[in-house]
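S.K.: Pasted the sequence and its predicted model underneath.
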Amino acid sequence: MSDPRYVAAIDQGTTSSRCIVFDGRGGIVSLAQREHRQIFPRPGWVEHDAAEIWSTVEQVVLEALEDAGLAPGDLAAVGITNQRETTVVWDRTTGRPVHNAITWQDTRTADLVSELAGAEGPDRFRDRCGLPLATYFSGPKLVWLLREVPGLAERAARGEVLFGTVDSWLIWNLTGGVDGGVHVTDVTNASRTMLMDLTKLQWDQDTLDTMGVPAAVLPEIKPSSHVYGTARGALAGVPVAAALGDQHAALFGQTAFDRGDVKSTYGTGSFLVLNTGDTLVRSENGLLTTVAYQLDGVPATYALEGSIAVTGALVQWFRDRLGLIHSAAEIETLANTVADSGGCYIVPAFSGLFAPHWRGEARGVITGLTGYVGRGHLARAALEATAWQTREVVDAMRADTGIALTGLRVDGGMTANNTLMQLLADALAVPVARPTVAETTCLGAAYAAGLAVGYWPDLDSLRGNWHKAAEWTPGLDADLRERRFRKWRKAVERSLDWMDEDDLD
Ligand SMILES: Nc1ncnc2c1ncn2[C@@H]1O[C@H](COP(=O)(O)OP(=O)(O)O)[C@@H](O)[C@H]1O
Ligand SMILES: O=P(O)(O)OC[C@H](O)CO
């Protein structure tokens, strides 16, 4: 048989699962995608069915291979990338999840994180794990399950159930499930649990003890580019050779390998990640310290991240909850019926506010309403919300590192929206560039998998694959930009302190 000619990546995102097959130059050979359900059992709760997620992954893998007329033997490796923090606990004997997955957007752990913060406050664990206490992270979600699902804590202590973020769940299933599945995670996903020591890259026993998490449920932490095992089923025989959280994979796919490189991904939420090399930068301005990636056998590369909870999700809300548009793309047409937002600002604090505020009690507001404001203004305000939230994070990055942005590499589903890209360039006052392969998340996972098996020799062999497809240059008058940004910050003030004792029920 000839050498395998391709590498595959599976991207299990918040709204859909994708499988993409790439060639040696990072070009897309085939792509399959399937959406899965968003389950909203109560205000602030957002769940996924992990079994449905696995089933969509199995389907897209088959479809991607079939579309390209490929067999598993044509693949040198498969890499996994995933929505992060979303928490799955499953029975190791039956392979069935014990509860719906609690997603990263879910706010049910609000009281729990306050309890854990105690007198020391939300930065109690930050020195160890790089993160503030917030509903976002997976460790407290696991603690919630251990406390709330009857009998689970006892079963966990006996080692009968397994915890994992979506990478672990997929790798376990891909490598055989109940029949010898490998229970691992990678350093990037582990760095979002609050349970890992960022320096040692191992579970932190003190934190486990404080939170009441038995080590028996945890996966083994491995590098991001590493052969974890061999796939069974549709990918039989293919090395499972990478796992990275999707934002880390996007950084990798953008070939942002050097200290100071930055990318921003626009999907359900938006995530700006700055490569800080081998330096752990401790943020004083509301950013997260995280692992960028770790190649096999070498020390980790670190990053600073500004996580924004709601950007594309606001567009979905316009479509699915308000019915103001029929497709996500239609928000651009609607926004372009007007020249500006008519003084209206939308702060989409559906899950509280993430970076740089970390205010779990905030809730969404629409401000500046007058009788003049119509659907077009609301659509424009929704897109501007993404631009202004990015601006807040960029300002925080400059305050933390002294690095002033000179340009921004973007990717993700929302970057199809040219109006948004222009608003972004205007809000940041720097050029915004989109690469030819906008599927950088999958591409990054494919790169990491290919590197692990020697399909690509080194990072330098990947840099030449990045090509600019489009660029937007800033055009907004500086005074107008700053006036609008001040107004945005005033709108943010209006969203704070919303949840209080009157919401107890
Ligand atoms: N043309 C568009 N304009 C604005 N938002 C869009 C557009 N196309 C997709 N989106 C938004 O982008 C998100 C999907 O992007 P994707 O990168 O697939 O997200 P995820 O990885 O979070 O599932 C959805 O929230 C959707 O509302
Ligand atoms: O699946 P996405 O693209 O919405 O990304 C989700 C993030 O990983 C959450 O931290």
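M.R.: Right, received. Where do you want to start? Ligands and ions are numbered 1, 2, ... in the order given.
S.K.: All the strands of the stretch 151-300 of the chain, in order from the start?
M.R.: 161-165, 184-186, 196-197, 202-203, 220-222, 225-230, 239-245, 262-266, 270-277, 288-293 (DSSP state E, counting those that start in this stretch).
S.K.: could I get the ones you listed as TSV with distance to Gly212, mean pLDDT and mean neighbour count?
M.R.: Bear in mind the C-beta positions are built from the backbone N, C-alpha and C, glycine included. As requested, these are exported to TSV (distance: least, Cβ to Cβ, whole Å; pLDDT from 0 to 100; neighbours: other Cβ atoms under 10 Å):
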stretch	distance to Gly212	mean pLDDT	mean neighbour count
strand 161-165	13	97	26
strand 184-186	20	98	27
strand 196-197	17	97	22
strand 202-203	14	98	16
strand 220-222	20	98	18
strand 225-230	28	98	20
strand 239-245	25	98	30
strand 262-266	34	95	25
strand 270-277	29	95	24
strand 288-293	24	97	26
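S.K.: Nearest to ligand 1 among those strands would be which one?
M.R.: Each of the strands of the stretch 151-300 of the chain has some distance to ligand 1 by Cβ to the nearest ligand atom; the shortest is strand 262-266, at 6.7 Å.
S.K.: Direction included, what does that closest one pair up with?
M.R.: Strand 262-266 has the following strand partners under DSSP bridges: strand 270-277 (antiparallel), strand 408-411 (parallel).
S.K.: thinking again about what came up before, can you lay out the strands of the stretch 151-300 of the chain as CSV showing distance to Ser30?
M.R.: Listed next are the strands of the stretch 151-300 of the chain as CSV, based on distance: least, Cβ to Cβ, whole Å:
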stretch, distance to Ser30
strand 161-165, 27
strand 184-186, 25
strand 196-197, 35
strand 202-203, 38
strand 220-222, 28
strand 225-230, 22
strand 239-245, 19
strand 262-266, 22
strand 270-277, 27
strand 288-293, 25
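S.K.: Format the ones you listed as CSV; extra columns: distance to ligand 1.
M.R.: What follows is those, written out as CSV (distance: least, Cβ to the nearest ligand atom, whole Å):
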stretch, distance to ligand 1
strand 161-165, 15
strand 184-186, 18
strand 196-197, 23
strand 202-203, 27
strand 220-222, 23
strand 225-230, 21
strand 239-245, 12
strand 262-266, 7
strand 270-277, 9
strand 288-293, 18
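S.K.: In contact with the residue in the stretch 351-500 of the chain that ligand 1 sits nearest to, which residues?
M.R.: Here the residue of the stretch 351-500 of the chain nearest ligand 1 is Gly413; by Cβ to the nearest ligand atom that distance is 2.1 Å. By Cβ atoms under 8 Å, 6 or more residues apart in numbering, the contact list for Gly413 reads 266-267, 312, 328.
S.K.: Can you read off the pLDDT for it?
M.R.: Here the pLDDT value assigned to Gly413 is 91.
S.K.: for ligand 2, what are the nearby residues on the stretch 251-400 of the chain?
M.R.: With Cβ under 6 Å from any ligand atom as the criterion, the stretch 251-400 of the chain comes near ligand 2 at residues 267-269, 307.
S.K.: Also within reach of ligand 1: list those from those.
M.R.: Answer for these near ligand 1 (Cβ under 6 Å from any ligand atom): 267-268.
S.K.: Are any of the residues of the stretch 251-400 of the chain next to ligand 2 buried, and if so which?
M.R.: Neighbour counting over those (16 or more other Cβ atoms under 10 Å) leaves 267-269, 307 as the buried ones.
S.K.: okay, who's weakest in the residues you listed by pLDDT?
M.R.: Within those, pLDDT is lowest for Thr268, at 88.
S.K.: and Pro132, helix, strand or coil?
M.R.: coil (DSSP: H, G, I helix; E, B strand; the rest coil).
S.K.: Between the buried ones among the residues of the stretch 251-400 of the chain next to ligand 2, which sits nearest Ala446?
M.R.: Gly267 (18.1 Å; Cβ to Cβ).
S.K.: So the closest one sits against Val310, correct?
M.R.: No. The criterion here is Cβ atoms under 8 Å, and Gly267 misses it with Val310 at 10.8 Å.
S.K.: which bits of the stretch 301-450 of the chain sit near ligand 1?
M.R.: Counting by Cβ under 6 Å from any ligand atom, the stretch 301-450 of the chain sits next to ligand 1 at 312-313, 315-316, 328-329, 331-332, 412-414, 416-417.
S.K.: residues in this protein within reach of ligand 2, list them.
M.R.: Residues of the chain lying near ligand 2 (Cβ under 6 Å from any ligand atom): 13-14, 83-85, 104, 245-247, 267-269, 307.
S.K.: ok, Glu220 - contacts?
M.R.: For Glu220, the contacting residues are 183-185, by Cβ under 8 Å, 6+ apart.
S.K.: cool, and Gly371?
M.R.: Applying Cβ under 8 Å, 6+ apart, no residues contact Gly371.
S.K.: and the gap between it and Ser138?
M.R.: 45 Å (Cβ to Cβ, to the nearest Å).
S.K.: swap in Arg380?
M.R.: 35 Å.
S.K.: where do the helices sit along the stretch 101-250 of the chain?
M.R.: 110-117, 126-129, 138-148, 152-157, 166-174, 187-190, 205-211, 246-253 (DSSP state H, counting those that start in this stretch).
S.K.: repeat for the stretch 351-500 of the chain
M.R.: 375-401, 418-428, 440-452, 460-463, 478-495.
S.K.: With mean neighbour count and mean pLDDT added, can I get those helices in CSV?
M.R.: Below are the helices of the stretch 351-500 of the chain laid out as CSV (neighbours: other Cβ atoms under 10 Å; pLDDT from 0 to 100):
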stretch, mean neighbour count, mean pLDDT
helix 375-401, 22, 96
helix 418-428, 22, 97
helix 440-452, 31, 97
helix 460-463, 14, 94
helix 478-495, 15, 97
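S.K.: will you turn these into TSV that also has distance to Ser351?
M.R.: Shown next, in TSV, are the helices of the stretch 351-500 of the chain (distance: least, Cβ to Cβ, whole Å):
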stretch	distance to Ser351
helix 375-401	13
helix 418-428	21
helix 440-452	21
helix 460-463	34
helix 478-495	12
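S.K.: closest to Leu235 out of these?
M.R.: Nearest to Leu235 among the helices of the stretch 351-500 of the chain is helix 440-452; the distance by Cβ to Cβ comes to 11.6 Å.
S.K.: other SSEs contacting the closest one?
M.R.: strand 6-12, strand 16-22, strand 75-82, strand 225-230, strand 239-245, helix 246-253, strand 262-266 (3 or more Cβ pairs under 8 Å, 6 or more residues apart in numbering; DSSP states H and E).
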